[in-house]
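>>> whatever this is, show me its structure:
(2 chains)
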There are 2 protein chains.
Amino acid sequence: MELEEKCVKSERIYKGKILNLRRDIVKLPDGREASREVVEHSGAVGVVPLTGEGQVYLVRQYRYPIGKVTLEIPAGKLEEGEDPLDCARRELKEEVGIEASRWEPLLTFYTTPGFSNEVMHLFLATELSKKEAQPDQDEFLQIVSLPLEEALEKARTGEIMDAKTILSLLLVRYKFTGRAYPLLGEKP
Amino acid sequence: MELEEKCVKSERIYKGKILNLRRDIVKLPDGREASREVVEHSGAVGVVPLTGEGQVYLVRQYRYPIGKVTLEIPAGKLEEGEDPLDCARRELKEEVGIEASRWEPLLTFYTTPGFSNEVMHLFLATELSKKEAQPDQDEFLQIVSLPLEEALEKARTGEIMDAKTILSLLLVRYKFTGRAYPLLGEKP
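Down below sits the predicted model:
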């Protein structure tokens, strides 16, 4: 069965700062037409900065779309044509004030393929050294450092609810211990 | 430090079928103003339908926003005021043509708190029985059944790149075997 949908007409609804929106008319595999809403996003990176003592740096910030203060791994939006690793280095330096000598890609995934083209690139940053943070003018952040296990426990209890953060903490935990964190079960 | 951003003015940009868009002016903690783009989404569910033989049902579909055919767990959008579990039952029946006697919540998370309020509820569905699928008029789907281990292998190799699918497969694998899948490493 053919699954592809072909664009018949594209309407630009909005061109913004962090996203664009368009509504396309597509031709379905059976020849009928349907509309598709697409949030265009330039892609993003997330970084797990891990110290030699097993501490991770997380960012506490107000997320206006959900109206809550969240605890997330440092992350940021790719600039036009920017290499994901360069972006990860930049965000870690700006947001957290940290440089890392060692970088490893963890995973690349689509956050919401049903309505957006956002791609997220996750990295692990180790061998860290402290610099000075320079967050964006309109970013208000608190940097929190805590043991990786404690961060995972916050994911288990629902205090951390951000997809990229949960996924990357699980991956890093497994990478370093060879064991999964029982996110669904009792406190380990 | 106070982190909250307060809405000063809200502008409705678009009201659509699967999402709305607004642009708000907010007051930052330091009193200055900034703009925030918010994709409003009613929330969604994802279901891992797992047979007694350890097979999962996945959906192959064309995701127009990313221009690719993907392999994902069955999922769908919450209707206004709908209970997530009711929605999960409905989507599993409609998309895959399956009913499940046993339902367990896996995890609830925000997919993209930086620009959207979408909440995703993941469920595990077991004790399955086959009914007839009734996908939406404009949904073209292929149902694929494969061993959970094979699905995870597709996440490891990058064939599965959808965040909710990767996360839920990892959680279900751990739940049933007590062992993590080495997503970052060599084939197990």
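
>>> residue contacts, A:Leu148?
Applying CB atoms under 8 Å, 6 or more residues apart in numbering or on different chains, we find A:Leu148 in contact with A:50, A:54-56, A:169, A:172-173, A:176. Glycine gets a C-beta too; all of them are placed from N, C-alpha and C.

>>> what about it, distance to chain B?
Distance, A:Leu148 to chain B, by CB to the nearest CB, to the nearest Å: 14 Å.

>>> swap in A:Gln61?
In terms of CB to the nearest CB, A:Gln61 sits 6 Å off from chain B.

>>> with A:Ser10 instead?
On the measure of CB to the nearest CB, A:Ser10 and chain B end up 11 Å apart.

>>> got phi/psi on that residue?
phi -130, psi 130 (degrees, to the nearest 10).

>>> cool, and A:Tyr181?
The phi/psi pair for A:Tyr181 (degrees, to the nearest 10) is phi -90, psi 130.

>>> pretty sure it is touching A:Lys154, no?
No. The criterion here is CB atoms under 8 Å, and A:Tyr181 misses it with A:Lys154 at 11.1 Å.

>>> Throw the contacts of A:Leu148 into CSV and include distance to chain B and neighbour count, thanks.
Putting the contacts of A:Leu148 into CSV (distance: CB to the nearest CB, whole Å; neighbours: other CB atoms under 10 Å in any protein chain shown) gives the following:
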residue, distance to chain B, neighbour count
A:Leu50, 14, 21
A:Gly54, 17, 15
A:Gln55, 20, 17
A:Val56, 17, 26
A:Leu169, 11, 23
A:Val172, 9, 25
A:Arg173, 8, 22
A:Phe176, 11, 13
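
>>> any chance of those in JSON lines with pLDDT as columns?
Formatted as JSON lines, those follow (pLDDT from 0 to 100):
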{"residue": "A:Leu50", "pLDDT": "98"}
{"residue": "A:Gly54", "pLDDT": "96"}
{"residue": "A:Gln55", "pLDDT": "97"}
{"residue": "A:Val56", "pLDDT": "98"}
{"residue": "A:Leu169", "pLDDT": "98"}
{"residue": "A:Val172", "pLDDT": "97"}
{"residue": "A:Arg173", "pLDDT": "95"}
{"residue": "A:Phe176", "pLDDT": "91"}
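
>>> restricted to helices, list those residues.
Members of the contacts of A:Leu148 lying in helices (criterion: DSSP state H): A:169, A:172-173, A:176.

>>> helix, strand or coil: sort out the residue in chain A that chain B sits nearest to for me.
Closest to chain B within chain A is A:Ala180: 3.2 Å, counting by CB to the nearest CB. Following DSSP: H, G, I helix; E, B strand; the rest coil, A:Ala180 is assigned to coil.

>>> count the residues that sit near it.
22 (other CB atoms under 10 Å in any protein chain shown).

>>> before we move on, what about A:Arg156?
A:Arg156, neighbours per other CB under 10 Å, totals 18.

>>> buried residues in stretch A:45-61?
Of the residues in stretch A:45-61, those buried under the neighbour-count criterion (16 or more other CB atoms under 10 Å in any protein chain shown) are A:45-50, A:55-59, A:61.

>>> contact partners for A:Leu128?
Applying CB under 8 Å, 6+ apart to A:Leu128 gives the contacts A:49-51, A:98-101.

>>> name every strand pairing with the helix or strand that contains it and say which way it goes.
Using DSSP states H and E, A:Leu128 falls within strand A:119-130. In the sheet, strand A:119-130 lines up against strand A:44-49 (parallel), strand A:98-110 (antiparallel) (DSSP bridges).
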